[in-house]
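Sequence plus the predicted model coming up.
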Amino acid sequence: MTKKDTIVVQGTEIATISVEEKDYISITDMVKNIENGLALIEKWLRNKNTIEFIGIWEELHNPNFNSPEFEGIKNQAGLNRFILSVKQWIEKTNAIGIIAKAGRYGGTYAHKDIAFEFATWISPKFKLFLLKDYQRLKEEEQKAIGWTAKRELAKINYHIHTSAVSRNLVPPKLSKEQINFIYANEADLLNMAMFGMTAKEWRNVNPDLKGNIRDYATINELICLSNMENLNAVFINEKLSQSERLVKLNQIAIQQMSVLENVENRKLLK
């Protein structure tokens, strides 16, 4: 298990966890605000249709699934004397679609495919709300992944940028402090062109924030900044002065941000 997130469905907080990069949803949480909710899980698990569904899911996704044991359980399902707990299902069949967790994230979790099936058992309305909020969670995760990717791309391109600075703007026999000043000066050239302020000015305006100005940039700003780092490297190699480069980069930033924002707005309209 690698992480935990929470979604809220009709006022009920429901935990989701990632197990080997697969999403599992707490069915214990799903029923915690329902009277005799835990008994509802047991009743659902004894249902013959449920057994068939989760058994077929296991056969599709679990190479270590004990199919002969599953067939025996399926044949018993529906009889008055038939009893099956989550623990028994896991131990007898080697199932991975439903897991029982103790400790901090304790409870019964089901792979999202199975969890959505259980949500239908609770009520179709509940399932629709669950699907809606789960999708919202996934969209937020994708945005976060996109932001991180763009941030890393900006860092990589910054190495290209600093290489151009080193080759063209750093004279020989400077002290380490003097060299660092030149690099910082060029970094602030990009900050001024993109954000309209230097790193120091940003820190003065935001004394309570950790990190730097680029850590709080939007995805579009990071895309633009990444492009500008490459272009500034080209401009440095072309021997343009810093003031000329600042004007050009600022114009490029304005143009590219306008294009990126228009693209995003069109996606939202769709």
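Here it is on my side, so go on.

In the chain, what helix or strand scores lowest on average pLDDT?
Ranking every helix and strand in the chain by mean pLDDT, DSSP states H and E puts helix 124-168 at the bottom, with a mean of 64.

If I look at the nearest residue to S85 once chain neighbours are set aside, what pLDDT would I see?
Spatial nearest neighbour of S85, chain neighbours left out: E42 (6.8 Å); criterion: C-beta to C-beta, 6 or more residues apart in numbering. Heads up, the C-betas are built off the backbone N, CA and C, glycines and all. On pLDDT, E42 comes in at 86.

quick one: E42 and A100, what's the gap?
13 Å (C-beta to C-beta, to the nearest Å).

joint contacts of the two?
Common neighbours of E42 and A100, using C-beta atoms under 8 Å, 6 or more residues apart in numbering, do not exist here.

All the helices of this protein, residue numbers only.
27-30, 37-46, 48-61, 67-76, 86-93, 112-122, 124-168, 176-195, 199-205, 219-237, 242-269 (DSSP state H).

Quick one: closest of the ones you listed to I7.
helix 124-168 (4.3 Å; C-beta to C-beta).

tell me the contacts of I99?
Taking C-beta under 8 Å, 6+ apart as the test, what I99 contacts is 19, 24, 90, 108-110.

Now do stretch 87-106: distance from first to last residue.
End-to-end span of stretch 87-106 (C-alpha to C-alpha, to the nearest Å): 14 Å.

List the buried residues in it.
The neighbour-count check on stretch 87-106 (16 or more other C-beta atoms under 10 Å) flags 89-90, 93-99, 101 as buried.

And those residues, which two are furthest apart?
T93 and K101 (18.2 Å).

For P124, see how far away N237 is.
63 Å.

what does L189 give?
From L189 to P124 the distance is 58 Å (C-beta to C-beta).

More neighbours: which of the two?
L189 (22 against 10; other C-beta atoms under 10 Å).

Skip the chain neighbours and tell me the closest residue to N185.
N185 sits nearest to Q242 (C-beta to C-beta, 6+ apart), 8.0 Å away.

hang on, the one you found packs against L189?
Yes: using C-beta atoms under 8 Å, Q242 is in contact with L189, at 6.2 Å.

Which residues are in contact with each of these two?
In contact with both Q242 and L189: no residue, using C-beta under 8 Å, 6+ apart.

Now that we're looking at T6, what pLDDT does it have?
At T6, the pLDDT value in this model is 80.

tell me which residues form a beta bridge with it?
A15 (DSSP bridges).

who's in contact with it?
13-16.

Got the domain ranges for the chain?
4-122, 139-269 (automatic domain parsing).

lowest-confidence stretch among those?
When I compare the domains of the chain, domain 139-269 is least confident, with a mean of 71.

Rebuild the contacts of T6 as TSV, extending it with distance to K200 and neighbour count.
Formatted as TSV, the contacts of T6 follow (distance: C-beta to C-beta, whole Å; neighbours: other C-beta atoms under 10 Å):
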residue	distance to K200	neighbour count
E13	42	12
I14	45	24
A15	43	19
T16	41	22
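
can you list these in a markdown table and add distance to R81?
A markdown table is the format used below for these (distance: C-beta to C-beta, whole Å):
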| residue | distance to R81 |
| --- | --- |
| E13 | 37 |
| I14 | 33 |
| A15 | 34 |
| T16 | 35 |
